[in-house]
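# Pasting the sequence and the predicted coordinates here, then a few questions.
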Amino acid sequence: MTLNKYGNIVEKWLNKIPHKFHVVMDKCQIMPNHIHMIINIISDDGLIQNLYSGQTQGSAPTSTPPTTIGTIIQWFKTMVTNEYIQNVHNKNWKPFEGRLFQRNYYEHIIRSDNDLCKTREYIMNNPALWYRDRNNPEKTNNNILLQ
């Protein structure tokens, strides 16, 4: 995917998540109408604990307490929405009605190395499947649309 000005805002705030929260971002993929991401929450002792394998990775920033996925997603959506609204006022971007993001989000807890591998693969391959997405306004059966 090649990001447009809207996608660049999303990418900017995705990249700020690890600086705000005790997390490490794994795979992320911005799509035209959704985002995929794997977020590793860092435990109180400063390590990423993969409970299913016992492996640990990395260390945590020291300034932010542990938090929930819900808090992270709420913060992310708020920051993206606020920047978009600023651009509506300052750069004449098209205003949106209602919400910029859907009310909720889909969450999946990865519980095994196999599940992690499958999830990473799904995220990496998702752009190639955009042409089949039911929300793709240019959906066709025989070509791949990459923005």
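Thanks, I have it. Residues are numbered from 1 along each chain as shown.
# after the lengthiest helix in the chain, next one along is what?
The single longest helix within the chain, with elements called by DSSP state H, is helix 69-91. Toward the C-terminus, helix 69-91 is succeeded by helix 113-125 as the next helix or strand (DSSP states H and E).
# Show me which residues of that next one are buried.
Residues L116, T119, I123 are the ones in helix 113-125 that count as buried (16 or more other CB atoms under 10 Å). Every C-beta, even on glycine, is put in place using the N, C-alpha and C of the backbone.
# now stretch 18-27
So for stretch 18-27, counting by 16+ other CB under 10 Å, buried means P18, K20, F21, H22, V23, V24, D26, K27.
# remind me which residues of this structure are low pLDDT?
44-66, 140-147 (pLDDT under 70).
# switch the cut-off to 50
Scanning the chain for pLDDT under 50 picks out 51-62, 64-65, 142-147.
# I'd like to know which of the buried residues of stretch 18-27 is nearest to W93.
Nearest to W93 among the buried residues of stretch 18-27: K20, at 24.5 Å, using CB to CB.
# I figured the closest one hits T71, correct?
No - K20 lies out of contact with T71 (CB atoms under 8 Å); the separation is 9.7 Å.
# Packing partners of the longest helix of the chain?
The contact analysis (3 or more CB pairs under 8 Å, 6 or more residues apart in numbering; DSSP states H and E) places helix 69-91 against helix 5-20, strand 35-41.
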